[in-house]
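>>> Sequence and predicted structure are below.
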Amino acid sequence: MSVPMVLPFKLVMLDTDFLLYALFAVLIVLITRVRRNASLRQTWRRVFERPGAMAAVVILAVYAAIALLDSVHFRTALYAPDGAVTGYSPQILSVLDILCAPLRLHTEHTYSAPFAEHALVRETVMRPGGRVQRIFPRLIWGGRGLAGPFARTRDILQRSGRGLVEALLVWLMLLCGVWLVREGGRDPRLAWRRLWRGDSKLPWRTFWLTTGLVLLIGTVVANLAVEYHVLGTDQVGIDVLYKSLKSIRTGVVIGTVATLVALPFAIVLGIAAGYFGGFVDDAIQYLYTTLSSIPGVLLIAAAVLSLDLYLGQHAREFQSVLERADLRLLFLCLILGITSWTTLCRLLRGETLKLREAEFVQAAVALGESRARILRRHILPNVMHIVLITLVLDFSGLVLSEAVLTYVGVGVDPSTYSWGNMINGARLELAREPVVWWNLGAAFIFMFMLVLAANLFADAVRDAFDPRFHRSS
Amino acid sequence: MRRSAQYTIAVLAASIVIGGCSSPWNDPYPANQVHGDIVYSAFTAQPKYLDPARAYSADEYVFLGQIYEPPFQYQYLDRPYRLVPLTATTVSKPSYLDSAGHRIAAGAHAAYSVYVIHIRPGIRYQPDPCFARTADGAYRYYPLQPGALKGRYRLSDFHHTGTRELTAADYVYEIKRLADPRLHSPIYGLMSGYIVGWKQFGKTLAAVYQDHRQGAFVDLRRYPLTGVKALGRYTYSITIRGRYPQFRYWLAMPFFAPMPWEADRFFSQPGMAAHNITLNWYPVGTGPYMLTVNNPNREMVLKRNPNFHKETYPRHGGPGDAAQGLLHDAGKRLPFVNEAVFSLEKESIPYWNKFLQGYYDRSGIGAENFDQVVRIGPHGHPRLTREMRRRHMSLSAQVQTAIYFYGFNMLDPVVGGYSRRARDLRRAISVAINIEHEISIFQNGRAVPAQGPIPPGIFGYREGQAGINPYVYRWAHGLPRRRSLAYARRLLAKAGYPNGRSARTGRQLVLYFDAVATGATDQEMLAWMRKQFAKLNIDLVVRATDYNRFQDKVRRGDVQIFSWGWNADYPDPENFLFLLYGPNSKMASGGENVTNYNDPAFNRLFLQVKDMGNTPARARLIGKMVRIAQRDAPWVWGYYPEQYVLSQPWYFNAKPSLMANNTLKYIRIDPKLRARLRRRWNPPVLWPLAVLGLVLGAIFAPAILEYRRRERRRPL
Amino acid sequence: MIRYIIRRALYAIPILFGVNLLTFVLFFVVNSPNDMARFHLGFKRVTPQAIVQWKHDHGYDKPMLFNDRAKGVQKITQTVFFQRSMKLFVFDFGRSDEGRDIGYDIRQRMWPSLAIALPTFVIGILVNITTALFLVFFRSTYLDWLGRLALVAMMSVSSLFYIIGGQYLFGKTLRLVPISGYAPGLHAFKFVVLPVVIGVISGIGASGRLYRAFFLEEIEKDYVRTARAKGLSEMSVLFRHVLKNAMIPILTSVVVVVPSLFLGSLIMESFFGIPGLGAYTLDAINAQDFATVRAMVFLGSLFYIVGLALTDITYMLVDPRIRLK
């Protein structure tokens, strides 16, 4: 008698998950290709020679890692009393949810300030004898283990100290690991001095400093978050740190997937318009002029409203909130892609027009190479830098636009964790007395870090790849 | 060039300083209004209907109530609410007729009831272009010459006005408008069941419209409506089928206000609608105020109607009214305030902030400001905080005649039906949804958990132990206590879902919640709701849509669990019990019974209770009905919201009324006090600007030094 | 020149037609006139007759794109699309789905929009140029480095934060200006100050950097070196030569938005309660008022096309070598 093997979970692939994986895969392929190509490697070196870009890449990597962890979704198994799996929970979780389980599960009743032990809002309680009082109730989780009224500061210091030590250990381990692998463990003092003085072609010192800082923040927060709500809680008591972390995926998806979905259209149409000219060119030009002449917000609004209507009419087809929200997110990416597609298309058309007349292309034509081959071998590789620059430049703009669109009411689904939703909700909170600033503050910091890193990185990429800008700065 | 820039700055600075002398910098109103006898408030969205036949929402009644005058009104101060005449001479009792048209005694079975209403002579309409006449007596603006509309986009572009005495025929005209199929009055359906000849009139009109241009004027005076007649210049009668004692309350709503036929004719002229000049946009009434500015993009202004008839402030009030100064103006002539300015304020935050700065006279208290304003005293009574007391604000709090609840669609195969299983499931959910918690988080305690459909203040509401819903609460230590989660889980197991999983199939119970959700704040509400069901291990899928789609889904019965609210039209329990009356089912008949609840015993009792006077017998029968509904649990009873209103110290005679909507005329303000307090509350804070300047200077100082260093070093 | 403008205008027609068609299709793919009628009537007034009448009153009772029951040209003209969308070409916006005259509302509401957008635009350009000049003057010093960092940081902050923060600080805490609202005429000043300041500040980051790049590009050209070699001070080099020549890319990069200034800013206006066209559009979006949204899309596209043409013309005016073809 064979027992069917049953996993304790069942993977769920959302549409945007798939796209993120695809993106990640493409990224890995590209990196390996770059490593093999000498001239590309040279250009990329120029990117990383900037300390700012190096730091930015570390930060971006952290955000990307969190987004990826949050993109592995599954349902957990449900067990019958005899231990057999009877089905899977309708609740979809991600790996990040599991890693942040304390954050996810430690929900309070309502608002509480960062590191608070008591709720921010009074609650009516009935005292024995029918006396009614409004008091600040003790939080369920925040500062739960604290003994007395003065224990908090000490506890926070202790936990931070532990985090510091942990961070230092991990950091040193990483450092030693790299040293052992790359230099075979030779000459520790020299290696250290080189690092300390920043005495290397690439700014490794910045790299290690940033990594150390990220590690430090990570471990300290992790140590504190078990006991406290480091960034407070929101109106229904959800930990704001958890919300901010979950919002990372939304931001990253919008920043990358939107361009990704538009990329094929932009490349194919842009190159086709530039290379073939004539009627094709006219048609494509007409298409993108028309699209780009519609004010972006209005186009997005019209499209998203249409989607809303569709979702309203087909509400029964979506089993879970997450799938529904994901569809909306994907759709938003699509429509953002469509609005941003036109700029790239125009640039590529122009570049292709120039390339078509270039000698090496003319030579290939004279040699009787097929059109497809010319386009693939000669044109495409020579416009890729434009694609790359657009991609990195668009990223931060897209992340920012999410917040604005969500405010306008045509952004992500209200049930999606996103910075836009956090900011939107935070408006009311600013009118409260005492002010609830942590929702807004958290959204600000998390978003600012991502966008700042992206901007710094984009700058470096543009300077390295765009000869025109390279000259001037 | 530099000099001119300096000059501009100096002028700007001077203008700010000069402006600052008369009113604070942040005063959003024109400087000449500083001492005006004006009430300031806001509207959140442009009112859709200002036609009394079509309007049916609070934000429309804020305006219409001050302009149009139905025959009756609610006494301003008395509680319980009592009808008194407004334009009528008395609040007349109906006479009852049998099917042959003979008068019968009050207790007998009546085929018809007849209301005869006498109105006071000498009441005149507000000045309006529709009445304007030329010297030779012809209407000045009817018919309009071609091209006369050029450049006229507002009613005030017609400079001449006139007036006319109010007659009974105007009331008849308006009731005919209610029956006009072109206008889609929201009470068309309801009244067609009562007023005699309604449907026939609709058919006649529909035939008439066949041969009329779209929107053309059809003189309703020419087509008779059998049940409504003018019996003389000042008398008219309304005949309704059977008994409907609640009908008198409708006669206090703007639906039954007078409409001069001249207005209808004037506004129906071709081209007017295309220029935004419609009757739906420019009310013509006899009330204390008239709408003089109607700019939905920015502000609406009500000004005193110079033709307003004599009306005085009530001389008697309820207990405690005199002590609160509410009888200070007794017997004085109404209205007091010259003008009411309503500014467009789409969001609550700026409204609240401006209220605190003294630029609005009254404000509700949102959940986010509650603790800033109110402290709950030791006995559960709200008190103002020290800061608010220091500002001499006054607070009024009362439970509204409204209920918010979660409905189960009784036709749904899972949560609906009358089997033991379904009932247990609904009761389990009713216990699990912690309404007290919801009130605490989302309402800041500004609500009372509901035990049944009837809110306090309405006849039939029961206080204390006798009134609690025994299926959800138990009585302990003199208070209702919600039953425990364990109890709910037991019920759920009894219903066949031990621990949220079907005993039969082993699958998890998934339920659907339909809601209106558009913003981020709704989201928190929905997250909370999911948490409530998660306590029973039920997975709740939220299907959020916009308001209209949601309404449509409820109408089609395409919902399972949903939230809903009801606000009383009039102070009678019938207005709540009919929400559970089977034949009123939303799906079957488009009525207001949104859960499609249908219990024969309840239905029978409803018919009995409907026509009774407020006697102990009625109270007993209502008690029975409530018990039936509690047993079946078609609603999670939710809560009765409490209304907290905060008034500025210069705002007098404000007594919250849940029924009356014509309250502006009673309000008096002290503009001098207001101007003084506004100045005191709004001194601009300037030092941060100085700090900012210093910081900027600190940034630029090294730049300047650097520049000078460079200049010096520059090779010649 | 005139021929160019005429050609440009002719070219705009198919584009605007496409824009109209696209908005139309986008809206009606999922929405039906029945839905719209139900939405606008409100649930208390929905009856089958009411829906039929609403559609008739608002011109949604015809076929969408093609009327096969009509004859000849009417197959095309007797449709919702033709009746409601093509009239835009003669600036007949018709009545909104709420029943108000759209053209009148637009004429009323463009002034408040302009009152904010125009000062923001002009002051913004001045401030951005000043910032960029400052950085260029101190290029390759720590001031440049700090300034650039500040600019990147500023452009990494969502505009929502500027608005929320500004309103909270200046309106609520410091009480310097009214929190929101608007008044026509000169009274508009106190309502407009804060949005303009916020608009300018939130634009410094991106534009300041861009202009700096323009300046740097100029500064490395030969004529600048010559001028400097002649002994001109750095200041006069910057102001007389670099600024003058860098104005070309700056002007051509901003001219495209000039016509669209009328349309105002969606978010700024709704935050500050300014009754301009931005807030109008936003309201229309939220109220699903298709007629208004369509009119605004049309105007937006039209202004954009005009802006593009203006850009080309500016190119030609500032640089006679460029011929328009």
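Good, I have the coordinates. Residues are numbered from 1 along each chain as shown, chains lettered A, B, ... in the order given.

>>> and residue 186, how many residues sit next to it?
Just so you know, I chose chain A. Residue A:186 has 10 neighbouring residues, counting by other C-beta atoms under 10 Å in any protein chain shown. Any C-beta I mention is one placed from the backbone N, CA and C, and that applies to glycine too.

>>> Actually, chain C is the one I wanted.
As a burial measure, residue C:186 scores 8 neighbours (other C-beta under 10 Å).

>>> How about residue A:193?
Residue A:193 has 11 neighbouring residues, counting by other C-beta under 10 Å.

>>> Residue C:105 now?
Residues contacting residue C:105 under the criterion other C-beta under 10 Å number 24.

>>> Look up which helix or strand it falls in, please.
helix C:102-137 (DSSP states H and E).

>>> Check which helices and strands the next helix or strand after that helix sits against.
Following helix C:102-137 in sequence order, the next helix or strand is helix C:142-155 (DSSP H and E). Packing contacts for helix C:142-155, counted by 3 or more C-beta pairs under 8 Å, 6 or more residues apart in numbering or on different chains; DSSP states H and E, involve helix A:438-465, helix B:687-713, helix C:102-137, helix C:188-219.

>>> between the ones you listed, which one is nearest to residue B:250?
With C-beta to C-beta as the criterion, residue B:250 lies closest to helix C:102-137 of those, at 35.5 Å.

>>> Identify each buried residue in the closest one, please.
Within helix C:102-137, the residues that qualify as buried are C:102, C:104-106, C:108-117, C:119-121, C:124-125, C:127-129, C:131-137, counting by 16 or more other C-beta atoms under 10 Å in any protein chain shown.

>>> Can you confirm whether that helix lies near chain B?
Yes. Using C-beta under 8 Å from any C-beta of the partner chain, helix C:102-137 reaches chain B at C:104, C:105, C:108, C:109, C:134, C:137.

>>> tell me the contacts of the fourth one?
Under the criterion of C-beta atoms under 8 Å, 6 or more residues apart in numbering or on different chains, the neighbours of residue C:109 are B:297, C:264, C:275, C:276, C:277, C:279, C:280.

>>> same thing with the third one?
For residue C:108, the contact set (C-beta under 8 Å, 6+ apart) comprises residue B:297.

>>> Could you report the separation of it from residue B:297?
Distance of residue C:108 to residue B:297, computed by C-beta to C-beta, to the nearest Å: 7 Å.

>>> can you check the second one too?
In this view, residue C:105 and residue B:297 are 7 Å apart by C-beta to C-beta.

>>> Can you check which residues contact both of the two?
Applying C-beta under 8 Å, 6+ apart, one finds that residue C:105 and residue B:297 are jointly contacted by residue C:280.

>>> would you list every one of the helices in the stretch 551-700 of chain B?
B:574-577, B:586-589, B:600-610, B:616-632, B:671-681, B:687-713 (DSSP state H, counting those that start in this stretch).

>>> Could you confirm whether stretch A:52-66 reaches chain C?
No. Using C-beta under 8 Å from any C-beta, stretch A:52-66 stays clear of chain C, with a minimum separation of 8.5 Å.

>>> neighbouring contacts of that stretch?
So stretch A:52-66 is contacted by A:24, A:47-48, A:96, A:202-203, A:206-207, A:209-211, A:214, A:245, A:248-249, A:251-252, A:449-450, A:452-454, A:456-457, A:459-461 (C-beta under 8 Å, 6+ apart).
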